[in-house]
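Peer 1: Here's my sequence, what's the structure:
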Amino acid sequence: MPANKKYLSTPFQRFLKITAGFIGGYVVMMSFHVLLTQLFEKKNVVMTAGFTGYLLWAILLLVAFLSKNGWKIWGIYLLLAAIFSLPHFLKM
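Peer 2: Take a look at the predicted model:
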């Protein structure tokens with residue numbers, strides 16, 4: 001029995017979700033760890049980023065696929081990345 005059409009995304013929405021999950025999730029994960037380097041010692045953050053980075057990226061990837069709107073998840077990820085990167089850019 002095929003899936004009900006009302007529950008399927010359009011091809012463009014699917015593309016937005018995939019790119020938001022892979023690219024946007026990676027950008028949010030990296031900016032979060034940049035924020036952590038402002039709060040803690042860099043060597044400690046680099047060591048833990050090897051473990052927490054992959055887990056955070058996988059969770060953000062899953063969240064992107066569970067969302068209904070690709071544009072909305074892109075906006076949320078870009079906003080989070082900007083907020084997490086702000087202390088780094090202000091410290092310059």
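
Peer 1: number of nearby residues for residue 55?
Peer 2: 10 (other Cβ atoms under 10 Å). For every residue, glycine as well, the C-beta is placed using N, CA and C.

Peer 1: The host helix or strand of it: which residues count as buried?
Peer 2: Following DSSP states H and E, one finds residue 55 within helix 42-66. For helix 42-66, the neighbour count (16 or more other Cβ atoms under 10 Å) marks 45, 49, 53, 56-57, 60-61, 63-64 as buried.

Peer 1: That one: how far from the chain's middle?
Peer 2: What separates the centre of helix 42-66 from the centre of its chain is 9 Å, taken as Cα atoms, centre = their mean, to the nearest Å.

Peer 1: downstream neighbour of that helix in the secondary structure list?
Peer 2: Where DSSP H and E defines the elements, the next helix or strand beyond helix 42-66 is helix 70-91.
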